[in-house]
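Colleague: structure, please.
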Amino acid sequence: MQSYQIDLADADATVALGKQLAALISAPCVVYLIGDLGAGKTTFSRGLIQGFGYTGNVKSPTYTLVEPYELADVSIYHFDLYRLADPQELEFIGIEEYFTQSSICLVEWPDKGQGWLASADIQINIEHKNEQRSAEIVGLTAIGQKIVEQLA
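Modeller: Residues are numbered from 1 along each chain as shown. You can find the predicted model right below:
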């Protein structure tokens, strides 16, 4: 499994990494975002969504579970499963309908939806490193490996 490691000096660098990845990703793609509270998962997602041309506010879907972004060429669904009490709740929101051939799904806290989510193509591990952040991007499928190779 190939991975790409990068240190991120601040939130702007985290957004920039998201935009860089947006230039390499196309649908279908599932991205798992792993990290503690405040690590930068939503900040990264903002950069990726903006990288696809979205100009509005990108907010955390903590209370709604999912925020949809319908763009000209792709549908991006940003999930935050932190407050999910039971993975079976995902059935009630029609989770399987989001993971399509024309969508990119960004999933924060994917462990809380275990058994109900599509497998990830890419996993991004973000962690605090002193006053900065560190990100590791891991390609888990052929699609993910190709993206990581392009980053490296």
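Colleague: all helices for the protein, in order.
Modeller: Secondary structure of the chain (DSSP state H): helices at 11-22, 41-51, 89-92, 142-151.
Colleague: tell me how far the longest one lies from the chain's centre.
Modeller: The reference is to helix 11-22. Relative to the centre of its chain, helix 11-22 is centred 12 Å away, using Cα atoms, centre = their mean, to the nearest Å.
Colleague: avg pLDDT for it?
Modeller: Helix 11-22 shows a mean pLDDT of 96.
Colleague: again, but for stretch 26-33
Modeller: Rounded mean pLDDT across stretch 26-33 is 98.
Colleague: list the buried residues for it?
Modeller: Buried residues in stretch 26-33, counting neighbours by 16 or more other Cβ atoms under 10 Å, are found at Pro28, Cys29, Val30, Val31, Tyr32, Leu33. C-beta: built from backbone N, CA, C; applies to glycine.
Colleague: need the residues you listed in a markdown table with distance to Thr141, can you?
Modeller: As requested, the buried residues of stretch 26-33 are exported to a markdown table (distance: Cβ to Cβ, whole Å):
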| residue | distance to Thr141 |
| --- | --- |
| Pro28 | 10 |
| Cys29 | 9 |
| Val30 | 9 |
| Val31 | 11 |
| Tyr32 | 12 |
| Leu33 | 16 |
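Colleague: tell me how far Ser26 lies from Leu17.
Modeller: 18 Å (Cβ to Cβ, to the nearest Å).
Colleague: shouldn't Val107 be in contact with Leu117?
Modeller: Yes: at 6.2 Å, Val107 and Leu117 qualify as touching, with contact defined as Cβ atoms under 8 Å.
Colleague: between those two, which has more neighbouring residues?
Modeller: The neighbour comparison of Val107 against Leu117 (other Cβ atoms under 10 Å) goes to Val107, with 27 against 22.
Colleague: excluding its backbone neighbours, what's nearest the more buried one?
Modeller: Of all residues not flanking Val107 in the chain, Phe79 sits nearest, at 4.5 Å (Cβ to Cβ, 6 or more residues apart in numbering).
Colleague: now do Leu21
Modeller: Spatial nearest neighbour of Leu21, excluding adjacent residues (Cβ to Cβ, 6+ apart): Leu48 at 5.6 Å.
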